[in-house]
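*Asks:* structural data only, the sequence is not supplied:
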């Protein structure tokens, strides 16, 4: 029996829009990032990509010491088996809390193990930003379809600073972009919106409909800061690392401080009904955040 076209699975990003899924609070938790230039093809898990498999256990152990996130990257428009760069394969070590990016190159897999131990001693550190666009088609088809368009237009707007990358979480919010070393993540970017959203962000204006949060902050802090930013009286760049205190089951008090002004938010997490959150996934629940101003009493 031939398949029923009406039963075909709807792409996860389209289904998420129809449900009204909210991006904020979904920035992946990662203070440290290791970005390794690799032309592809990319497997589902970056550490299983040849030739990283030759040092897989040692590399995983070195990254685990810092809780670092491994991403494979490549320039937009490259052929998968093309040599990455004439002057070596770039490696970027990112410390989001310090706002620094270390830059190096690798030739042998063993070089990556050595570099993965240098987050406390970044090579050639700078604060120059990098822009990652998820185009990981083997992980999710939405990332391939939407991400490659976003990568193309951002590469035109920010030449030399944009990299295609492996999974950034939140497949249903494709196209997904991460700004490092600051750590902000955006979802639902499209070819006609991505350049303006990113350039506005660099000028201090956050698109609150597409901002997923900052990857070094607790999800409750991301939701609380989003609510504070909606008031329009503070800038994201002026907000210190929020203080997050657990005050009940799935409830936190978040203290947001910017320029001498303090705002308190009570954030409660509930779980949605199960939905298919990735194109190739099974139904799962998603976290939902309710944010309310509080006087600090926890009630």
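*Replies:* Now that the structure is in, tell me what you want to look at. Predicted, not measured: the structure shown is a model, and the values here were computed from it.

*Asks:* next secondary structure after the helix or strand residue 149 falls within?
*Replies:* Element membership for residue 149 (DSSP states H and E) is helix 141-157. Next helix or strand after helix 141-157 toward the C-terminus (DSSP H and E): strand 162-165.

*Asks:* what comes up buried for that next one?
*Replies:* Using 16 or more other C-beta atoms under 10 Å as the test for burial, strand 162-165 gives 162, 163, 164, 165. Where C-beta positions appear, they are placed from N, C-alpha and C, glycine not excepted.

*Asks:* and what of stretch 96-107?
*Replies:* For stretch 96-107, using 16+ other C-beta under 10 Å, the buried residues are 96, 99, 100, 101, 102, 103, 104, 106.

*Asks:* give me the contact list for the helix holding residue 149.
*Replies:* Helix 141-157 is contacted from outside by 11-13, 75-77, 131, 133-137, 162, 164, 167, 171-172, 174-177, 189-192, 194-195, 198-199, 279-280, using C-beta atoms under 8 Å, 6 or more residues apart in numbering.

*Asks:* tell me the pLDDT at residue 80?
*Replies:* At residue 80, the model reports a pLDDT of 42.

*Asks:* which residue ranges of the chain form helices?
*Replies:* 12-19, 56-64, 109-115, 141-157, 194-202, 219-230 (DSSP state H).

*Asks:* could I get the ones you listed as TSV with mean pLDDT and distance to residue 209?
*Replies:* Putting these into TSV (pLDDT from 0 to 100; distance: least, C-beta to C-beta, whole Å) gives the following:
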stretch	mean pLDDT	distance to residue 209
helix 12-19	92	11
helix 56-64	98	33
helix 109-115	98	37
helix 141-157	94	16
helix 194-202	98	9
helix 219-230	98	10
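
*Asks:* what sits up against stretch 13-20?
*Replies:* 142, 146, 171, 172, 173, 174, 188, 275, 276, 277.

*Asks:* on the pLDDT front, check the third one for me.
*Replies:* This points to residue 171. 92.

*Asks:* thought it was touching residue 286?
*Replies:* No - in this structure residue 171 lies outside contact range of residue 286 using C-beta atoms under 8 Å: 11.8 Å.

*Asks:* more neighbours, the two?
*Replies:* Neighbours per residue, other C-beta atoms under 10 Å: of residue 171 and residue 286, the larger number sits with residue 171, 27 against 18.

*Asks:* how about residue 73, nearest residue that isn't a chain neighbour?
*Replies:* residue 163 (4.1 Å; C-beta to C-beta, 6 or more residues apart in numbering).

*Asks:* point out where the protein drops to low pLDDT.
*Replies:* Residues of the chain that meet the criterion pLDDT under 70 lie in 1-9, 78-87, 296-299.

*Asks:* quick one, longest strand in it?
*Replies:* Longest strand in the chain, counting residues (DSSP state E): strand 261-271.

*Asks:* picking up where we left off before, can you flag the buried ones in the contacts of helix 141-157?
*Replies:* Applying 16+ other C-beta under 10 Å to these flags 11-13, 75-76, 131, 133-137, 162, 164, 167, 171-172, 174-177, 189, 194-195, 198, 279 as buried.

*Asks:* returning to what we had before: which of the buried residues of strand 162-165 lies closest to residue 261?
*Replies:* If you rank the buried residues of strand 162-165 by distance to residue 261 using C-beta to C-beta, residue 162 comes first, at 34.6 Å.

*Asks:* you'd agree that closest one is up against residue 133?
*Replies:* Yes - look at residue 162 against residue 133 with C-beta under 8 Å: they come within range, at 6.5 Å.

*Asks:* now for the two: what residues contact both?
*Replies:* Joint contacts of residue 162 and residue 133 (C-beta under 8 Å, 6+ apart) are 76, 151, 154.

*Asks:* tell me which of those residues is nearest to residue 212?
*Replies:* residue 154 (16.3 Å).

*Asks:* what distance do you get for the residue nearest to residue 75 when sequence neighbours are not counted to residue 76?
*Replies:* Once flanking residues are discounted, residue 75 sits nearest to residue 163: 6.7 Å by C-beta to C-beta, 6+ apart. Separation of residue 163 from residue 76 (C-beta to C-beta, to the nearest Å): 8 Å.
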